[in-house]
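Undergrad: Just to be clear, the model below is a prediction. Sequence and coordinates:
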Amino acid sequence: MLTDHDLQELLNYSSPEPMLSVYLNTDPAGGNSDAQKLQMRNLLEGVNLPDDQAAVLKHFEQLRDARGRGLALFSYAAGDFFRAYPLAVTLRSRVFVGDHPYVKPLADLLDAYGSYGVALVDKQGARLFHFHLGELIEQEGILLGEEIRHTRGKASSSSPGGRGGISSQDRNNNEMSSRNLREAADFSVKFFEEVHTRRVLVGGTDETIAQFQQFLPKTWQSLVVGTFPMSMTATHSEVLTRAMQIGQQAEQQRETTLVETMLTAAAKGQEGAVRLEDTLSAVHAGRVKTLIVQEGLRLPAYQCAGCGHLLTQSLEACLFCGKNFLKINDAVELAVRRVMQTGGDVEIVRNNPALKEVGIGALLRY
Ligand SMILES: [Zn+2]
């Protein structure tokens, strides 16, 4: 699994010479091990980094059945740098050569599948889940009522969905159930804070979902991105599948709103930037709160070797410091990396005609 720590390391690493980044789709549905190996070899064709190619292939062979559905590999053999992350989500196979790990595809995965908290609630308890990049990371359960019981487990203990020992007493008592849902809400907030999630989904019946949400503090109410009907006895994989579906839908809606907000702000000249040049200068000035990028966008730019000033067309000398400009093959990647390094959000957006007009933009801090 890819942790925040891993991500920060990748964001901050740079190599003095070209290094290799490989993203490989290893979804078993897309072909067996031989087919994957062939795909890997095809990807690496034309790359002229023999030591890194060998390192990547060797690791791929060793993983055998532990390749997940997607694999991200980063190698700079001369600097003894090698990182491999099997992922539980599918990705598009791609290869990059550059002086740092290529993180744009990871930004996309984190945006779509990164940290989700899920609360499954009924009148007698709650089951809580933390999913990250398509994997169950942590779970916790609580039974409420006369006796309060906690169950807690890391994802590795693959205990089934059953809650065990639930009282069969008929507690058709509104007061009791609303007290329970209030307690479940408090309990859930603690869990979500502990696992540092900022996106919450709630499952249950219409009635319990509505009540549960009322009992959440206002700030947490606003972090609920979706709700869905689900039985308390659902299995992990049922919850995960449904949560990812609802999460994706919610994410797309949220992104549509963000794009509109950005376009309006930029048009009014307030806290918004659009198109590459303005966006890059906002990135360079550290003003970007949320970077918004059309999926698959790749654009060149020119960076001053002296002060780092970024332009979409090269000048002979920098207006600020007089130094010359160097070409950057993918300035979108540079923007993504910078914004992630400084703790800003990156939104990779699909199928949005309004964004397609400008390609890239940002909501600004000031
Ligand atoms: Zn300069």
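TA: Yes, it's here.

Undergrad: C-alpha from now on. contacts and neighbour counts both.
TA: OK.

Undergrad: neighbours of residue 284, just the number please.
TA: If you count neighbours by other C-alpha atoms under 10 Å, residue 284 ends up with 17.

Undergrad: Any figure for the gap between it and the ion?
TA: 12 Å (C-alpha to the ion, to the nearest Å).

Undergrad: How about the residues of the stretch 201-350 of the chain by the ion?
TA: 304, 306-307, 318, 320-321 (C-alpha under 5 Å from the ion).

Undergrad: Can you add secondary structure and pLDDT and give those back as a markdown table?
TA: Below are those laid out as a markdown table (DSSP: H, G, I helix; E, B strand; the rest coil; pLDDT from 0 to 100):
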| residue | secondary structure | pLDDT |
| --- | --- | --- |
| 304 | strand | 93 |
| 306 | coil | 93 |
| 307 | coil | 91 |
| 318 | coil | 93 |
| 320 | coil | 92 |
| 321 | coil | 95 |
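
Undergrad: For those, which single residue is the most surrounded?
TA: residue 304 (23 neighbours).

Undergrad: can you pull the contacts of the closest residue to the ion within the stretch 1-150 of the chain?
TA: Relative to the ion, the nearest point of the stretch 1-150 of the chain is residue 99 (20.6 Å; C-alpha to the ion). Neighbouring residues of residue 99 by C-alpha atoms under 8 Å, 6 or more residues apart in numbering: 14-19.

Undergrad: Tell me the most packed of the residues you listed, by neighbour count.
TA: Most crowded among the contacts of residue 99, counting by other C-alpha under 10 Å, is residue 19 at 25 neighbours.

Undergrad: which ones are touching that residue?
TA: Residues in contact with residue 19, defined by C-alpha under 8 Å, 6+ apart, are 49, 52, 74-77, 97-101.

Undergrad: Am I right that residue 78 falls within a strand?
TA: No. Secondary structure of residue 78 (DSSP: H, G, I helix; E, B strand; the rest coil): helix, not part of a strand.

Undergrad: Near the residue nearest to it when sequence neighbours are not counted, how many other residues are there?
TA: Leaving aside its sequence neighbours, residue 78 sits nearest to residue 51 (C-alpha to C-alpha, 6 or more residues apart in numbering; 7.9 Å). Using other C-alpha under 10 Å, residue 51 has 14 other residues around it.

Undergrad: Could you do residue 305 as well?
TA: For residue 305, using other C-alpha under 10 Å, the count is 17.

Undergrad: List the buried residues for stretch 204-211?
TA: Buried positions in stretch 204-211, judged by neighbour count with 16 or more other C-alpha atoms under 10 Å: 204-205, 208-209, 211.

Undergrad: Among those residues, name the ones in helices.
TA: Those of the buried residues of stretch 204-211 mapping onto helices are 208-209, 211, per DSSP state H.

Undergrad: neighbouring contacts of whichever strand or helix holds residue 291?
TA: Applying DSSP states H and E as the criterion places residue 291 in strand 288-294. Identification of contacts with strand 288-294 by C-alpha under 8 Å, 6+ apart yields 259, 282, 332, 336, 339, 344-350, 352, 355-356, 359-365.

Undergrad: 7 Å instead, please
TA: When contacts are defined by C-alpha atoms under 7 Å, 6 or more residues apart in numbering, strand 288-294 is touched by residues 282, 339, 344-350, 355-356, 359-365.

Undergrad: average pLDDT across it?
TA: Per-region confidence: strand 288-294 scores 97 on mean pLDDT.

Undergrad: and it, which strands flank it?
TA: Strand pairing for strand 288-294, determined by DSSP bridges: strand 345-349 (parallel), strand 360-364 (antiparallel).

Undergrad: What separation is there between the residue nearest to residue 224 when sequence neighbours are not counted and the ion?
TA: Distances taken as C-alpha to C-alpha, 6+ apart place residue 200 nearest to residue 224, at 4.5 Å, with adjacent residues excluded. Using C-alpha to the ion, residue 200 is found at 44 Å from the ion.

Undergrad: again with residue 197
TA: Using C-alpha to the ion, one obtains 40 Å as the distance from residue 197 to the ion.

Undergrad: what would the strands paired with strand 288-294 look like in a markdown table with distance to residue 278?
TA: Shown next, in a markdown table, are these (distance: least, C-alpha to C-alpha, whole Å):
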| stretch | distance to residue 278 |
| --- | --- |
| strand 345-349 | 16 |
| strand 360-364 | 8 |
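
Undergrad: Give me whichever of these is most buried.
TA: Of those, the one with the most neighbours on average (mean count of other C-alpha atoms under 10 Å) is strand 360-364, at a mean of 27.

Undergrad: Could I get the CA-only coordinates of that strand as PDB?
TA: Below are the C-alpha coordinates for strand 360-364, written out as PDB (Å, rounded to 0.1, in the frame of the first residue of the first chain):
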ATOM      1  CA  ILE A 360      -5.700  23.400 -16.300                       C
ATOM      2  CA  GLY A 361      -6.500  26.000 -13.600                       C
ATOM      3  CA  ALA A 362      -6.500  26.600  -9.900                       C
ATOM      4  CA  LEU A 363      -8.300  27.900  -6.900                       C
ATOM      5  CA  LEU A 364      -6.000  30.300  -5.100                       C
END
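
Undergrad: to the chain's geometric centre, what's the distance from that strand?
TA: 18 Å (C-alpha atoms, centre = their mean, to the nearest Å).

Undergrad: ok, now stretch 350-366?
TA: With C-alpha atoms, centre = their mean as the basis, stretch 350-366 stands 18 Å off its chain's centre.

Undergrad: quick one: terminal-to-terminal distance for it?
TA: Terminal residues of stretch 350-366 lie 27 Å apart, using C-alpha to C-alpha, to the nearest Å.

Undergrad: could I have whichever strand or helix holds residue 138 exported to CSV, CA atoms only?
TA: Residue 138 belongs to strand 135-143 when assigned by DSSP H and E. Extracted C-alpha coordinates of strand 135-143, given in CSV (Å, rounded to 0.1, in the frame of the first residue of the first chain):
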residue,chain,number,x,y,z
GLU,A,135,-8.1,-1.5,0.1
LEU,A,136,-9.6,-2.0,3.5
ILE,A,137,-7.1,-0.4,5.9
GLU,A,138,-9.0,-0.5,9.2
GLN,A,139,-12.3,-1.4,10.6
GLU,A,140,-14.2,-1.0,13.9
GLY,A,141,-17.6,-1.9,15.2
ILE,A,142,-19.8,-0.9,18.0
LEU,A,143,-23.0,-2.3,19.4
